[in-house]
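# below is the sequence, then the predicted model.
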Amino acid sequence: MTRLLAWHDEWSLNIDVLDAEHRGLIEHLADICHRFGPEASPRRSGDAYALIDALSDLGEAVREHFKREEELMQTVGYEDIAEHRTEHALLMAEYTDQLRRWRAEGIDVFDEEAQDNARDWILDHILGADRDFAKAFHEIEDHLPAPDHPHDVEERSRLNAARRYP
């Protein structure tokens, strides 16, 4: 049975651009669950090619998100960016491997187990490593002098640019 997947405010990092992208990824996954879950109409579920295409599109959306996230980290000078990039690479390798297995199995219904795996794959990262980045991001922000203070203008400019990315 398909469980309704929706964004929850407690998942927010309080970084608007990342929260918007994360929300979009969750909505993308929810759409796949709705279109290809066990309760989907027979003309929607049961189409292995369409399901694999949809899952491939999700993987590409996540890959693009990771790229933009790393650009933000670079912009603000996040000191743990190398570890975060490594985690992104591992996550994409896991997803690629899972996608290959689903393709080999001829998956044509996105069942509860597959839904749970995909949901956990995204959420574990958001609620883990991304939370660590958000904490560092907000600490940088909190330690900046007042906007009219002449020191650290470059750092404030970087942070403001990060807020507007991409």
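It's in.

# count the neighbours of residue 92 for me.
Residue neighbour count, defined by other Cβ atoms under 10 Å, stands at 14 for residue 92. (Each C-beta comes from the backbone N, C-alpha and C, glycine too.)

# repeat for residue 35
For residue 35, the count of nearby residues is 17 (other Cβ under 10 Å).

# for the chain, give me the ranges with low pLDDT.
Within the chain, the ranges that satisfy pLDDT under 70 run 1-4, 41-46, 142-166.

# any idea which residue is closest to the centre of it?
Central residue of the chain (Cα atoms, centre = their mean): residue 22, 4.8 Å from the mean position.

# enumerate every residue touching that residue.
Residues near residue 22 by Cβ atoms under 8 Å, 6 or more residues apart in numbering: 7, 11, 13, 65, 126, 130.

# secondary structure element for it?
Using DSSP states H and E, residue 22 falls within helix 16-36.

# name the helices or strands packed onto the following helix or strand past that helix?
Where DSSP H and E defines the elements, the next helix or strand beyond helix 16-36 is helix 48-76. For helix 48-76, the packing partners by 3 or more Cβ pairs under 8 Å, 6 or more residues apart in numbering; DSSP states H and E come out as helix 16-36, helix 81-105, helix 112-127, helix 129-142, helix 153-164.
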